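Enquirer: I need the structure of the sequence given here:
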Amino acid sequence: MSPATRPVTTMANKCFAAFARIAAIGLATCLSAVGAHAQSPLDNPDWQESDAPAPPAFNAAALLPLDMPRYVTLAFGVDPTTIRITPDGIVRYVVVAHAVNGSVTAFYEGILCARGEVKQYARTQSDGTWRVVSQAPWRALNDNQPSRHALAFARQGACDGSTAASSVADVVSKLKK
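Expert: Alright, predicted model coming up:
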């Protein structure tokens, strides 16, 4: 090998080595992201829902309205002081429905963004007291429910794709837009 070609070969080796290091760093970053995702509570076969606390008090005068389709005759709003994001990925909240005739009903619910599901823990009775729903199932957000308010809330702030919003302040900010 002539001395004139040696620097080119050395330069090519240095470039290849630098490229290999960058590729390795990129691969390690991707694998760590996959590893972080794989450690999600929902990927754990032993995952269990945290116990839902008792339905919180709510303020029907301080609701943040949900944008609902025109065909929905009820007006829905979420009390921002009731929103909680749990370590197991559930966004719990109280949503209040106002009917045209003046009746008001509240629901204490949870959204599991990772699975696109909603669960109703309690609803108010005609006297305004809470009635706990025993053994309520998780249902798909987009199934044929009586109302699509949970899906609206998920899309308008409770969920960021398939994960819960990063904070209650983030949810409130999105609902105020």
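
Enquirer: Okay, now the unreliable bits of this protein?
Expert: 1-44, 144, 146 (pLDDT under 70).

Enquirer: In it, what residue spans correspond to strands?
Expert: Secondary structure of the chain (DSSP state E): strands located at 64-65, 75-78, 84-85, 90-98, 104-112, 117-124, 130-132, 139-140, 159-160, 163-164.

Enquirer: To S173, which of those lies closest?
Expert: In terms of Cβ to Cβ, the element of those nearest to S173 is strand 64-65, at 10.1 Å. In this view, the C-beta of every residue, glycine as well, is placed from N, C-alpha and C.

Enquirer: JSON lines for the strands of the chain, including mean neighbour count and distance to H149?
Expert: Formatted as JSON lines, these follow (neighbours: other Cβ atoms under 10 Å; distance: least, Cβ to Cβ, whole Å):
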{"stretch": "strand 64-65", "mean neighbour count": "16", "distance to H149": "11"}
{"stretch": "strand 75-78", "mean neighbour count": "22", "distance to H149": "4"}
{"stretch": "strand 84-85", "mean neighbour count": "17", "distance to H149": "18"}
{"stretch": "strand 90-98", "mean neighbour count": "23", "distance to H149": "6"}
{"stretch": "strand 104-112", "mean neighbour count": "22", "distance to H149": "8"}
{"stretch": "strand 117-124", "mean neighbour count": "20", "distance to H149": "9"}
{"stretch": "strand 130-132", "mean neighbour count": "14", "distance to H149": "18"}
{"stretch": "strand 139-140", "mean neighbour count": "14", "distance to H149": "13"}
{"stretch": "strand 159-160", "mean neighbour count": "18", "distance to H149": "14"}
{"stretch": "strand 163-164", "mean neighbour count": "18", "distance to H149": "18"}
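
Enquirer: Out of the ones you listed, the one nearest S50 is which?
Expert: strand 90-98 (6.9 Å).

Enquirer: Mind listing the strands that closest one pairs with, and their directions?
Expert: Strand 90-98 has the following strand partners under DSSP bridges: strand 75-78 (antiparallel), strand 84-85 (antiparallel), strand 104-112 (antiparallel).
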